[in-house]
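>>> Here's my sequence, what's the structure:
(one chain, ligands or ions: 1)
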Amino acid sequence: MSLLHIENVTVNMLHETILNQVNVNLDHGKIYALIGHNGAGKSTLMKTIMGLIEKNEGSIKLASYNQDTSFLSFKQQLSYIPEEPFLLSELTAMQHFQLYGQSYQMKESSFNEKVHELASQFEIDDKLNEYPESLSKGMRQKVQMICALLPDIPLLLIDEPFMGLDVYAASHLQQLLREKVSHHTTILLTSHQLDRIQDLADEFIMLHNGKIEDAGKMEDFRFLSRRSEE
Ligand SMILES: Nc1ncnc2c1ncn2[C@@H]1O[C@H](COP(=O)(O)OP(=O)(O)OP(=O)(O)O)[C@@H](O)[C@H]1O
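Numbering: from 1, shown residues only. Coordinates of the predicted model:
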């Protein structure tokens, strides 16, 4: 049985159809690349899965939870890294981590261990007591990323994971995502950096004007993109 089951999801905004009868199934333990041109609807699909944007039609089920009827349990199965860091100005980096740890009911010992491990790997261990305004954009992104990477949950959604990260942090993230997947997490990510996601993803899903245009193995996408260059 698939982990995430999206059936006939339609989203309308300002009298425009942004997602049009979208059907997606994601299996356990794989990385999926959501591909498409600017404005295709990738971020809207991510936010709709998260429940940040309300769908007009269709259903979304994650594990055995229906987004409409079991929203709290549904949300505890996934975390989201948005394209633009969204941090609260009145909380330090550490307080953001604590907020996430509590909302995913992490045990204190594993929370402490993971915060220190991730903060050190992403080289922000000396910034834990800083507020967002005194962090650089890349550092804010790292804080947001650590929040989402802390809990061990079935689904991770990442909008443009490598944007704004330095080379070291980007390749470290790539390695961490592979580790997560080897422990059965499923990852859905969007990216315009095709070279990076071609190495990373197992499958692709292509959105065009709010509709799924194509989907399949990343190998096949590579083949198609080579053919179109010839
Ligand atoms: N809050 C909103 N109100 C109205 N229209 C919106 C809103 N957010 C997005 N849209 C529209 O929905 C469409 C899809 O936008 P979305 O951000 O999902 O695209 P995307 O595929 O993530 O693009 P990009 O690659 O540029 O990040 C666009 O036409 C955009 O103008």
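>>> For the longest helix along the chain, which residues meet the burial criterion?
In the chain, ranked by residue count with DSSP state H as the criterion, the top helix is helix 167-182. With burial defined by 16 or more other CB atoms under 10 Å, the residues of helix 167-182 counted as buried are Ala169, Ala170, His172, Leu173, Gln174, Leu177, Lys180, Val181. Using the backbone N, CA and C atoms, a C-beta is placed for each residue, glycine as well.
>>> which element follows that helix toward the C-terminus?
Later in the chain than helix 167-182, the nearest helix or strand by DSSP states H and E is strand 186-190.
>>> Can you list the strands that that following strand pairs with?
Paired with strand 186-190 in the same sheet, following DSSP bridges, are strand 31-35 (parallel), strand 155-159 (parallel).
>>> Give me the contact list for that strand.
With contacts defined as CB atoms under 8 Å, 6 or more residues apart in numbering, strand 186-190 is touched by 3-4, 26-35, 42-43, 46, 49, 83, 154-161, 177, 180-181, 197, 200-201.
>>> Report the separation between Ser105 and the ligand.
To be clear, residue 105 is Gln; Ser isn't right here. Per CB to the nearest ligand atom, to the nearest Å, Gln105 is found 31 Å from the ligand.
>>> residues contacting that residue?
Gln105 touches Gln76, counting by CB under 8 Å, 6+ apart.
>>> low-scoring stretches of the protein, by residue?
The chain contains residues with pLDDT under 70 at 222-230.
>>> that older thread, can you tell me which of the strands paired with strand 186-190 comes nearest to Gln67?
Each of these was checked against Gln67 via CB to CB, and the shortest separation belongs to strand 155-159, namely 12.1 Å.
>>> would you list every one of the helices in the protein?
Residue ranges of the helices in the chain, as given by DSSP H, are 42-50, 71-75, 93-103, 108-121, 137-149, 167-182, 194-200, 218-229.
>>> now the ones you listed as TSV including distance to Gly210?
Below are the helices of the chain laid out as TSV (distance: least, CB to CB, whole Å):
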stretch	distance to Gly210
helix 42-50	8
helix 71-75	23
helix 93-103	31
helix 108-121	35
helix 137-149	26
helix 167-182	27
helix 194-200	21
helix 218-229	20
